[in-house]
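Undergrad: What follows is a predicted protein model with its sequence.
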Amino acid sequence: MKPLFVLLIVYVALLAFGSHTTFDKGNIFAGNIAMAVMLLFTAIGHFKFKTSMAAMIPLFIPAKVQIVIFTGVLEILFAIGLGVESTRFYTGIALLIFFIAILPANIYAAKHQINYEDLYKPGPGIKYLWFRIPFQFFLIAWVWYFSIL
């Protein structure tokens, strides 16, 4: 839920305040910068909660902590790529693939009630998927609209 708030608040703020400055670069710019800020926000979680997030990865996959750190680095690189107009399209495509690739980890975490912030507390469980799956499709649509079209 926090990433959704970050995404929407940054987007609305850029649109609202950008029109009152010489910095206004429009809707597409605001959408990409909002996604970039959200990715930086979520990347922090990959480093802060790496052990708990590693538990979200199915048991048969090795090097879980390294995967969490790697995906955090990827999110930082995606954020940078969205901010550069010449790389935005290809970053958007890579980000779509990334969002599809991480969905199974979110499903696994929900199914096993894993709390990605605190491994010792139960996560929200299956009901979390009622938010997470539509949110994942929302992120995919956002990237498609603002970065690829």
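TA: Ah, there it is. Numbers count the residues shown, from 1 in each chain.
Undergrad: Give me the most central residue, this protein.
TA: In the chain, the centroid-proximal residue (C-alpha atoms, centre = their mean) is Leu39; its distance is 4.8 Å.
Undergrad: OK, contacts around that residue?
TA: By C-beta atoms under 8 Å, 6 or more residues apart in numbering, the residues touching Leu39 are 75-76, 78-79, 82. Every C-beta, even on glycine, is put in place using the N, C-alpha and C of the backbone.
Undergrad: tell me what the helix or strand encompassing Ala16 is packed against?
TA: Assigned by DSSP states H and E, Ala16 falls within helix 2-18. Applying 3 or more C-beta pairs under 8 Å, 6 or more residues apart in numbering; DSSP states H and E, we find helix 2-18 packed against helix 27-48, helix 129-143.
Undergrad: if we go to 6 Å?
TA: With contacts taken as 3 or more C-beta pairs under 6 Å, 6 or more residues apart in numbering; DSSP states H and E, helix 2-18 sits against helix 27-48.
Undergrad: Can you list the buried residues in the helix it packs on?
TA: Across helix 27-48, burial judged by 16 or more other C-beta atoms under 10 Å covers 29-39, 41-43, 45-46.
Undergrad: Okay, buried residues for stretch 124-144 please.
TA: Within stretch 124-144, the residues scored as buried using 16+ other C-beta under 10 Å are 128-129, 132, 135-136, 139-140, 142-143.
Undergrad: which of those residues sit farthest apart?
TA: Comparing all pairs in those by C-beta to C-beta, the longest separation belongs to Tyr128 and Val143, at 21.8 Å.
Undergrad: Quick one: neighbours of the nearest residue to Lys64 once chain neighbours are set aside, just the number.
TA: Nearest residue to Lys64, sequence neighbours excluded (C-beta to C-beta, 6 or more residues apart in numbering): Ala54, at 3.7 Å. If you count neighbours by other C-beta atoms under 10 Å, Ala54 ends up with 21.
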